[in-house]
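> give the three-dimensional model of this entry:
(chains A, B, C and D)
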Protein chains: 2
Amino acid sequence: MAITTDAIGAANGFAGVQSVTRACVLLDVLARDGQLGVTEIGRRCDLPKGTVHRLLMTLECRGYVERAAQDGIYRLGLKLFELGSLVLDRRELVTEGRRHVVRLMEESGETVHLGIMDGGHIVNLAVQEPPQAIRVVTPVGGRSPIHCTSTGKAIAAHLPPSDLQALVAEYGLPRYTANTLSDMDVWLADLAEVRVRGFAVDQEEHREGGRSVGAPIANHTDTVFASISVTGPTHRFTSEQIALFADMVCDAAADISRSLGAGSQAVAIIRGNSRKGVIVRE
Amino acid sequence: MAITTDAIGAANGFAGVQSVTRACVLLDVLARDGQLGVTEIGRRCDLPKGTVHRLLMTLECRGYVERAAQDGIYRLGLKLFELGSLVLDRRELVTEGRRHVVRLMEESGETVHLGIMDGGHIVNLAVQEPPQAIRVVTPVGGRSPIHCTSTGKAIAAHLPPSDLQALVAEYGLPRYTANTLSDMDVWLADLAEVRVRGFAVDQEEHREGGRSVGAPIANHTDTVFASISVTGPTHRFTSEQIALFADMVCDAAADISRSLGAGSQAVAIIRGNSRKGVIVRE
DNA sequence: TTGCGGTGTTCCGTATCGTGGAACGTCGTT
DNA sequence: AACGACGTTCCACGATACGGAACACCGCAA
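Numbering: from 1, shown residues only, chains lettered A, B, ... in the order given. Model prediction:
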């Protein structure tokens, strides 16, 4: 499937500056498919060779792409890494959250994710994997769906209904496993439960054999904008374990929120009204 | 000073696609100065408001920039973080090197840098800081000069003379401290010494009060392309300590090179012909 | 309230600029 | 030697981005 120039929120007519949009598409293609030649890139995004070549040269001048010395194969450049690192530096969330992420990993012995919402998806800002043999691996910077992960649902639960409608209208509730909540009403009911409990649970809704527990993080304006979660194989996520993990995750989320300046009432909401147990689908 | 649209290697006439180059400049400005409004960005890169606004909207559609909800202030977007993370995933160097970086930090008790050369500078791909109170802090993704850091000199020492000439012709040997080697001949002599010893030493040449020891890393084509170093305050880098650090750093560099598939003769070169001591400038 | 200086945003005629097809040079393979 | 596939260069055309100016909106001060 060719990556198109359709913009993210292009319901309106604005398509953006053509060549800039195209340059972005080239980067998307390189991000998805690794390293490619001019012709191949042209094929994948329906552009003539000449155009692709010109755009790539421009991006190369700026360090956004680079090419293997001999064969003229292009790949993403270090400039992107440089800019990407700057993005995180500006987000106190990561500096504040990192030690909690590590501690939570050590406490739980499972993979910990710290995520933020961006354009209908969850972006993993930090990941800490346990030294376990069987563990979940998700790359830093990777994106996860919002409707079937505990990080996603922890945030979604605190979004205004209109935003949820808009999100679902745009992305739908695509099915990943047999357990994915792909019905709007069921999903909304689950989110309501998340609000009551204070934490979200993903029971193999995203990946077969994987469960996770996540809690929301609020900032100084008392708005939920991020979340933290532990993830692991189903057999280590029994009802009792989930209850234990939930306590740890909520504590961590509350700590991070406080250190970001969230008010005590927001923290109380995060911690949930009741810690009633989770019914595990066996 | 306004950031211009001059390309990196624009000795030739090719200036790139105008709007793409401009978009890159906008990102550079945002990277340097944090978050800015449309007018201010326009001022800093000499573009009319309308143009800046149109370009920013395009970049926003793609997630390369984002804006605070209320005030229309732009900043770098998470898409850049996403792409930046991918750049590293593709570089086996980082996955192979990270555990060595951590081990070296623990062994030495000092800050460890893993760097690669890009466009006349060293980019720090990984940094590990010790839990010391006094320590060197350099952000991941940050750039360092090549002529006055141990990471830089470790790589430069194994570059062909013509490349060195070209680098100096373009960037010069700017002085950072009183110790900076800013004379070409002196610098080349230092690099020759690096080749003999197998490791490079920076004696407050980059930062007042900071010393570092670095060794080159070769890949499967037996080409030096990266380096690893320990950095710390001068008082912890005596002649004896430097000798100890040098052993550790060279071992780590050799290990990483081997795991990247470097041949044994390349590793031998990296390890240097003689480990004769370093004369410390007091 | 009424201005004012500062934003961000939109508009539209113009000519600049990017476009893309086709031709070229250069490999490696048959 | 001929082919195919690649990256690169070229150039006339016209679509496209440009940018100045007008607009809308705020917060502030008089």
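
> does stretch A:79-94 come close to chain B?
Yes - among the residues of stretch A:79-94, A:80-90 lie within reach of chain B under Cβ under 8 Å from any Cβ of the partner chain. Bear in mind the C-beta positions are built from the backbone N, C-alpha and C, glycine included.

> who wins on neighbours among these?
Counting neighbours by other Cβ atoms under 10 Å in any protein chain shown, A:L80 leads those with 30 neighbours.

> quick one: whatever residue of the stretch 51-200 of chain A ends up closest to DNA strand D and A:L56, what's the gap?
Per Cβ to the nearest atom of the strand, A:G72 is where the stretch 51-200 of chain A lies closest to DNA strand D, at 3.6 Å. Applying Cβ to Cβ, to the nearest Å, the value for A:G72 to A:L56 is 9 Å.

> check A:S227 too.
37 Å.

> the more surrounded of the two?
Neighbour totals were compared for A:S227 and A:L56, and A:S227 leads with 31 against 22 (other Cβ under 10 Å).

> secondary structure element for that one?
Per DSSP states H and E: A:S227 is located in strand A:224-233.

> show me what counts as buried in whichever helix or strand comes after that strand.
Helices and strands here follow DSSP H and E; after strand A:224-233, the next one along the chain is helix A:239-259. For helix A:239-259, a neighbour-count test (16 or more other Cβ atoms under 10 Å in any protein chain shown) marks A:241-242, A:245-259 as buried.

> same check on stretch A:28-35?
Here stretch A:28-35 shows A:28-31, A:35 as buried, counting by 16+ other Cβ under 10 Å.

> number of nearby residues for A:R43?
A:R43 has 15 nearby residues by other Cβ under 10 Å.

> just the element for it, please.
Short version, using DSSP H and E: A:R43 is in helix A:38-44.

> report all helices and strands that the next helix or strand after that helix contacts.
As assigned by DSSP H and E, the chain's next helix or strand after helix A:38-44 is helix A:49-61. For helix A:49-61, the elements it packs on are helix A:18-33, helix A:38-44, strand A:65-67, helix B:18-33, judged by 3 or more Cβ pairs under 8 Å, 6 or more residues apart in numbering or on different chains; DSSP states H and E.

> who does the closest residue to A:S108 other than its chain neighbours bridge with?
Spatial nearest neighbour of A:S108, chain neighbours left out: A:V230 (4.6 Å); criterion: Cβ to Cβ, 6 or more residues apart in numbering or on different chains. Beta-bridge partners recorded for A:V230 (DSSP bridges): A:V112, A:V213.

> number of residues surrounding the residue of the stretch 51-200 of chain A found nearest DNA strand C?
Across the stretch 51-200 of chain A, the shortest distance to DNA strand C (Cβ to the nearest atom of the strand) belongs to A:T51, at 3.9 Å. Residues near A:T51, counting by other Cβ under 10 Å, number 16.

> thought it was touching A:R22?
Yes - using Cβ atoms under 8 Å, A:T51 is in contact with A:R22, at 7.4 Å.

> can you map out the strands along the stretch 101-250 of chain A?
For the stretch 101-250 of chain A, the strands defined by DSSP state E, counting those that start in this stretch cover A:111-118, A:121-128, A:143-145, A:200-203, A:210-218, A:224-233.

> please identify the most buried of the ones you listed.
Sort the strands of the stretch 101-250 of chain A by mean neighbour count, taking mean count of other Cβ atoms under 10 Å in any protein chain shown, and strand A:210-218 sits at the top with a mean of 29.

> compute the inter-axis angle for the strand holding A:S227 and strand A:111-118.
Orientation check (axes from the mean of the first three to the mean of the last three Cα atoms, to 10 degrees): strand A:224-233 against strand A:111-118 gives 150 degrees.

> quick one: mean pLDDT for strand A:224-233?
The average pLDDT within strand A:224-233 is 92.

> for stretch A:189-199, same thing?
Mean per-residue pLDDT for stretch A:189-199: 93.

> one more: stretch A:269-282?
In the prediction, stretch A:269-282 has an average pLDDT of 62.

> try stretch A:129-148
78.

> interface residues of the stretch 51-200 of chain A facing chain B?
So the stretch 51-200 of chain A meets chain B at A:54-55, A:57-59, A:61-64, A:66, A:75-78, A:80-90, A:116, A:118-119, A:123, A:125, A:139-143 (Cβ under 8 Å from any Cβ).

> confidence score at the residue of chain A found nearest chain B?
Closest contact between chain A and chain B, by Cβ to the nearest Cβ, is at A:G84 (2.0 Å). Listed pLDDT for A:G84 reads 87.

> which other helices and strands does the helix holding A:R43 contact?
By 3+ Cβ pairs under 8 Å, 6+ apart, helix A:38-44 packs against helix A:18-33, helix A:49-61.
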